[in-house]
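In: sequence first, then the predicted structure, then my questions.
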Amino acid sequence: MKLTDGSRWGAGAGLLVVLLSAGTAYADTQVPLPNGDRALTTATGVQVDLSRTGERAVISPSLASNGLSRTAAMSGVVYATVHGAKSGTLATGYVIGCQVDLSGGVGIGGDMYVDTSSAYPELTPSINLVPGAVKVVKFDTKTLDPTAGAIGVTYSDRAVQVSGCAGYAQARAVSILTVQNDKGSAEVSLYGKPFSIG
């Protein structure tokens, strides 16, 4: 609304529009995500069934309304049954990028580890993303118990704050199962559906 004649009505109406816009910007966005599963026998003869279920994300814009930061809180269950392995690990987290295409998949190297046993779970890990950058936040790594033949990770409302991204940002779940036996080692990866974080 254009302010005219310096009137109180015009100034008041203009302020009202600003407040409503700011209030709308703070609304959280719920993002339900599809389940995923990958079952195969590795080249070393290990039978693997790796799945992700109950995945969802809650996207929150910056409280400062600066357009450069936002928070994504993710939840999900990653579970694998493993037969024929003597040892193994399961690492799970998210690939997060600023104005990049994640459809080709990105490895889980060079990650940031978030300690699940932290005494301050309300603290949000923060990453700085310039345009064209991709980072991986690893939520957890579990060690396989060969006698149990299964391994899993559950995370609930694990939040990551993305800063420094002036444009479109995207995230995608990634889990890497590494298994070893007498024939060698093998990796099985499971990616989730990419989703916008604003």
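Out: Good, I have the coordinates.

In: OK, contacts around Arg38?
Out: When contacts are counted by CB atoms under 8 Å, 6 or more residues apart in numbering, Arg38 touches Val48, Asp49, Leu50, Ser51, Val188, Ser189, Leu190. C-beta here means a position set from N, CA and C on the backbone, and glycine is covered the same way.

In: mind checking the SS state of the nearest residue to Tyr155 once chain neighbours are set aside?
Out: Distances taken as CB to CB, 6 or more residues apart in numbering put Phe139 closest to Tyr155, at 5.1 Å, once the chain neighbours are dropped. At Phe139 the chain is in strand, as set by DSSP: H, G, I helix; E, B strand; the rest coil.

In: wait, Phe139 touches Gly93, no?
Out: Yes. Judged on CB atoms under 8 Å, Phe139 makes contact with Gly93 at a distance of 4.8 Å.

In: what separation do you get for the closest residue to Thr141 other than its chain neighbours and Gly45?
Out: Once flanking residues are discounted, Thr141 sits nearest to Ala91: 4.5 Å by CB to CB, 6+ apart. Distance, Ala91 to Gly45, by CB to CB, to the nearest Å: 22 Å.
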